[in-house]
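Asker: here is my input; please provide its structure:
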Amino acid sequence: MYSLYIDESCHLENDGMPVMCIGYTKINTAYYTTIKEKIKSIKLNFKNPTEIKWNSISSSRLPLYKALVDCFFESDIDFRCILVKYKNQLDHKQFNQGDHDSFYYKLIYLLLQSATNPPSNEYKVFLDIKDTRGKERLKKIDEILQNKYNDKSPFKEFQHIHSDENILLQLTDLFIGAITFKARGLDKVGNANKAKVELVKYIEQKSGCNLDIGTKPSQSKFNIFDHHPNQSI
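Answerer: You can find the predicted model right below:
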């Protein structure tokens, strides 16, 4: 049994952002307590009891966030995401049954349906609570996957949780935040947050990949699916 902790960035249709990213960190469910205590210990060592968030990165906290990145690459934790660079060019009317919600469900489906998630295993899926439509979305995602697997989906449980209550969800936020930061070119602007720029480079160094470019589909430790949406002619 594996647990997947999904978070998303710039996911709203009309937020003015051309880039969006949705991803998860994944662990063997049996290792949750061990990994949780390991990350908790790192936070205590740096005297930082607050929530891990990409938006909270500063020069003073950079050593903590580098230690968390080290912990990820040294532990039995995997990461996968879908990066959409051209959200403003999506043609929902022609390709996504007319609305952004349908596109959102497609992304969840593509995120979970991966060579890195073989159906021989079973999965629990946890999503960060974003709005009041959460239960409706969980039900729809479960329905789509049950139809795919003829009511024998390996994705056994879907649940909403709050990010401030779960360290793995916070780690997902950190990575998708870094990826959207790089994909939006914010590392190149004159007033760029230097701590974020340095952390992006550090993650790229540890992962061996550019955060705004897709990885091989079979790459399991740090997997980025660079999604190119269909466009009408």
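Asker: next one: phi and psi at the residue nearest to residue 53 when sequence neighbours are not counted?
Answerer: Closest residue to residue 53 in three dimensions, ignoring its sequence neighbours and counting by Cβ to Cβ, 6 or more residues apart in numbering: residue 173, at 5.8 Å. Bear in mind the C-beta positions are built from the backbone N, C-alpha and C, glycine included. For residue 173, the backbone dihedrals are phi -60, psi -40 (criterion: degrees, to the nearest 10).
Asker: which ones are touching residue 173?
Answerer: Under the criterion of Cβ atoms under 8 Å, 6 or more residues apart in numbering, the contact list for residue 173 reads 7, 9, 52, 53, 54, 128, 163.
Asker: how many neighbours does the fifth one have?
Answerer: Spelled out, it's residue 54. 20 (other Cβ atoms under 10 Å).
Asker: which pLDDT value belongs to it?
Answerer: Here the pLDDT value assigned to residue 54 is 94.
Asker: distance of it from residue 9?
Answerer: Summarising the geometry, the distance separating residue 54 from residue 9, computed by Cβ to Cβ, to the nearest Å, is 8 Å.
Asker: touching both of the two, which residues are there?
Answerer: Between them, residue 54 and residue 9 share the contacting residues 173, 176, 177, judged by Cβ under 8 Å, 6+ apart.
Asker: ranges for the helices of the chain?
Answerer: Here the chain has its helices, by DSSP state H, at 32-45, 62-74, 92-95, 100-112, 134-148, 167-183, 194-207.
Asker: distance check, residue 33 against residue 156.
Answerer: Here residue 33 is placed at a distance of 20 Å from residue 156 (Cβ to Cβ).
Asker: er, residue 138 actually
Answerer: Distance from residue 138 to residue 156, counting by Cβ to Cβ: 13 Å.
Asker: these two: which is more packed in?
Answerer: The neighbour count for residue 138 versus residue 156, taken as other Cβ under 10 Å, is higher for residue 138 (17 against 12).
Asker: ok, that one - contacts?
Answerer: Applying Cβ under 8 Å, 6+ apart, we find residue 138 in contact with 127, 158, 159, 160.
Asker: run the last query once more with 6 Å
Answerer: Residue 138 sits next to residue 158 when contact means Cβ atoms under 6 Å, 6 or more residues apart in numbering.
Asker: same check on residue 220?
Answerer: Taking Cβ under 6 Å, 6+ apart as the definition of contact, the neighbours of residue 220 are 78, 116.
Asker: please apply the same query to residue 123.
Answerer: Residue 123 makes contact with 2, 4, 154, 155, according to Cβ under 6 Å, 6+ apart.
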